[in-house]
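give me a model of this one.
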Amino acid sequence: MPETPSVSIVIPCYNEETNLRAGVLERVAAYVESRGYCREVLIVDDGSDDDSTAIVADFASRHQRVHLLKEPHRGKAGAVIAGVLAATGDYVLFCDMDQATPVEDLERLLPYLRDGFDVVVGSRAEQRAGAPVIRKIMARGFVELRRLIVDVGDVRDTQCGFKCFRRSVAQTLCSALRVYRGDAAQARGATVTAGFDVELLYLARRMGCRIAEVPVRWQYVGTKRVDPVRESWRGLRGLLAIRLNDLRGQYRAIGPARRQKAF
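Below you'll find the model as predicted:
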């Protein structure tokens, strides 16, 4: 029988003390330990200035598959990129620390990767359980702006923080990013860098990757760390930067993804 492909789980972490003390890592670790193919959980600390780093370090010391990566504060995109580039599994999932989409929903994505897809995007579709009206309006506005500015094909929900890739594809994409690079300058405060997901999927489409969008569960988890208005403005600037890079030919050298056998 063919060997079961392994999975690396990447979780960015910036000042997540509240979620950590609520037990989110216990849930992740319990799932990972129940699945032999889950090779590692990489918690990428994005320069936290609360007790997050110490909490994760202590947790990792007691769980063999959980590892802490310390990074300077570059925002969520920089943390995810660092985790993806450090991953060793055949597949790489990145998800949010608040577990708005529970890690168990990886089971919904894996069949598509095994069937030969390169990228599988978790989708909330129109379901935004518990989200304030203003967040729903802003999300819808971002979708419309993205459709006007950057073509990512048929993917409807680019912003769900639950995506899984073939590792080789993920690492190639992260290395090819132009706007959201792993060596980005130091960030200030919490930033979700919404355009990162768009650039990643834009490049995946340009490379000819097979992309699937799969419904996942999602529950709004409130936070005071992120300013939605500021992040919407940053998201718009990111979309414009991607479009400008495209017009300047910055993505022309990016060729088709090398096809690999499906596991």
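
what number of residues lie near the closest residue to residue 118 other than its chain neighbours?
Nearest residue to residue 118, sequence neighbours excluded (CB to CB, 6 or more residues apart in numbering): residue 209, at 4.0 Å. Any C-beta I mention is one placed from the backbone N, CA and C, and that applies to glycine too. Residue 209 sits with 20 neighbouring residues when counted by other CB atoms under 10 Å.

my guess is residue 209 contacts residue 168, does it?
No. Residue 209 is beyond contact range of residue 168, at 10.9 Å (criterion: CB atoms under 8 Å).

if I look at the most centrally placed residue in the chain, what pLDDT would I see?
Computing the C-alpha centroid of the chain and ranking residues by CA atoms, centre = their mean puts residue 94 first, at 4.3 Å. At residue 94, the model reports a pLDDT of 98.

quick check, it in contact with residue 11.
Yes. In this structure, residue 94 is within contact of residue 11 by CB under 8 Å, at 7.2 Å.

what about the stretch 1-150 of the chain, any weak spots by pLDDT?
1-3, 126-139 (pLDDT under 70).

what's the nearest residue to residue 95 if we skip its chain neighbours?
Nearest residue to residue 95 in three dimensions, chain neighbours excluded: residue 162, at 4.9 Å (CB to CB, 6+ apart).

which other helices and strands does the strand ranked longest in the chain contact?
Secondary structure of the chain per DSSP state E: the longest strand is strand 38-46. Packing partners of strand 38-46 (3 or more CB pairs under 8 Å, 6 or more residues apart in numbering; DSSP states H and E): strand 7-13, helix 24-33, helix 52-61, strand 66-71, helix 76-86.

okay, these in a markdown table with mean neighbour count and distance to residue 120 next?
Listed next are the helices and strands packed on strand 38-46 as a markdown table, based on neighbours: other CB atoms under 10 Å; distance: least, CB to CB, whole Å:
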| stretch | mean neighbour count | distance to residue 120 |
| --- | --- | --- |
| strand 7-13 | 26 | 12 |
| helix 24-33 | 18 | 18 |
| helix 52-61 | 18 | 26 |
| strand 66-71 | 19 | 23 |
| helix 76-86 | 25 | 15 |
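
quick one: closest of those to residue 109.
Closest to residue 109 of the helices and strands packed on strand 38-46 is strand 7-13 (CB to CB; 9.8 Å).
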